[in-house]
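Asks: sequence? don't have it. structure:
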């Protein structure tokens, strides 16, 4: 019997850690992982509220979020590999032009 | 009652510690492995909240498929660690300050806005039954059928995008 507030606070903390990762790291792979962490934090809040209101809509939204995250990771990692092939470097500071 | 709280506190400590480990470890492979552990703890939270299907999807899709993809790309690029580039010296302190502000604000607002009537509801594990799974499937395939189908198109588009991006292009100038 854990109050749902605790889950929400945990979700907020995880989201902030993810935001810190996006802001402070220079490796695009780590930035991607931080985005996944933020998506997870949002999912945790969704499921917590769904279990409060005894409805399945929140869980189904989480299901869709997982599908979108999978699609995003597939395309994003393909982009990173392609950028690495073009520039031989994945430092995010080097990626400042759209043209390859 | 207290045992649930103890489980929650220990698991949340593990979740926060693995998230911080993901953030601060210098090698990308270690970051990915920390993140796998974090996803598994979040899956256990889903079980505690009575969402068994989401917990299993979390483990198979996130901890399984997505992280394997990450590990493959990390090993493919061989770019585990970057040389520290000090282009913006004030960036890291500023990022830490901003994320602390974000955390404090989010927690404060959520505590204030959440009405006390819904605060102490019990996410009970009695929802971890076949019956609730069937009910969720009924909701998914009746009320949310159109978004479900759109998701399949989204996955198809992502697959085509990945193929197009990683295709060896024939230079015919």
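Replies: That came in fine, so what should we check first? In this text the structure is predicted, and so the values were computed from the model without any measurement.
Asks: show me the helices in chain A, by range?
Replies: Using DSSP state H, the helices of chain A run over A:4-24, A:28-53, A:57-87.
Asks: adding distance to residue B:89 and mean pLDDT, write those helices out as a markdown table.
Replies: C-beta here means a position set from N, CA and C on the backbone, and glycine is covered the same way. Below are those laid out as a markdown table (distance: least, Cβ to Cβ, whole Å; pLDDT from 0 to 100):
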| stretch | distance to residue B:89 | mean pLDDT |
| --- | --- | --- |
| helix A:4-24 | 12 | 90 |
| helix A:28-53 | 20 | 90 |
| helix A:57-87 | 24 | 89 |
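Asks: could you dump those to a markdown table with distance to residue B:131 and mean neighbour count?
Replies: Rendered in a markdown table, the data for these read as follows (distance: least, Cβ to Cβ, whole Å; neighbours: other Cβ atoms under 10 Å in any protein chain shown):
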| stretch | distance to residue B:131 | mean neighbour count |
| --- | --- | --- |
| helix A:4-24 | 23 | 22 |
| helix A:28-53 | 16 | 22 |
| helix A:57-87 | 15 | 19 |
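Asks: could you dump those into TSV with distance to chain B added?
Replies: Shown next, in TSV, are the helices of chain A (distance: least, Cβ to the nearest Cβ, whole Å):
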stretch	distance to chain B
helix A:4-24	4
helix A:28-53	4
helix A:57-87	3
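Asks: can you say which of the ones you listed is nearest to residue B:90?
Replies: In terms of Cβ to Cβ, the element of these nearest to residue B:90 is helix A:4-24, at 11.4 Å.
Asks: so what pLDDT did the residue most central in space within chain B get?
Replies: By Cα atoms, centre = their mean, chain B has its centre lying nearest to residue B:39, at 6.0 Å. As predicted, residue B:39 sits at a pLDDT of 95.
Asks: look up how far residue A:36 lies from it.
Replies: Here residue B:39 is placed at a distance of 8 Å from residue A:36 (Cβ to Cβ, to the nearest Å).
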